[in-house]
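Engineer: sequence isn't available, so here's the structure alone:
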């Protein structure tokens, strides 16, 4: 059975590849924290909106009472879009790496990788159970 033909597994494999590549970029940023003139890099966020456009209609919040808050729709705040809350100055050497920010990003990346790996494993186990090939 080729799991890459199942869209969910293909999406998780793509996510794991992206997270691995991002970890490498973040590690390079951390390694060059003292390199003069070095500018930190990051990967473009992985976009899963393609799936929503093809299969699932976008959900909009519904206000059922005038006392409820209106909320916001996912279109208002794209998933994965992050902005630096406090723009920090570049060091005198020209280095713009903020080690704390890079460590937070690397930690979040590792957590996302672990989550995706666990989801992959659980879905694979569900398929095994459905086929009667469980533990």
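Structural biologist: Happy to help now that I have it. On a predicted model such as this, the values are computed, not experimentally measured, just so you know.
Engineer: distance from stretch 9-29 to the middle of the chain?
Structural biologist: 9 Å (CA atoms, centre = their mean, to the nearest Å).
Engineer: and the contacts of that stretch?
Structural biologist: By CB atoms under 8 Å, 6 or more residues apart in numbering, the residues outside stretch 9-29 that reach it are 3-4, 40-43, 46, 48, 51, 97, 102, 105-106, 109-110, 112-113, 116-117, 119-120, 123-124. Every C-beta, even on glycine, is put in place using the N, C-alpha and C of the backbone.
Engineer: ok, residue 105 to residue 115 distance?
Structural biologist: To residue 115, residue 105 is 15 Å away according to CB to CB, to the nearest Å.
Engineer: between these two, which one's more packed in?
Structural biologist: residue 105 (19 against 12; other CB atoms under 10 Å).
Engineer: so that one sits right up against residue 43, yeah?
Structural biologist: No: here residue 105 lies out of contact with residue 43, judged by CB atoms under 8 Å, at a distance of 10.4 Å.
Engineer: check the burial of residue 113 by counting its neighbours.
Structural biologist: Close neighbours of residue 113, defined as other CB under 10 Å, add up to 17.
Engineer: name the helices or strands packed onto the helix or strand hosting it?
Structural biologist: Secondary-structure element containing residue 113, defined by DSSP states H and E: helix 99-130. Counting contacts by 3 or more CB pairs under 8 Å, 6 or more residues apart in numbering; DSSP states H and E, helix 99-130 packs against helix 7-31.
Engineer: now do the nearest residue to residue 99 once chain neighbours are set aside, the pLDDT please.
Structural biologist: Nearest non-adjacent residue to residue 99, counting by CB to CB, 6 or more residues apart in numbering: residue 33, 5.0 Å away. Per-residue confidence at residue 33 stands at 90 (pLDDT).
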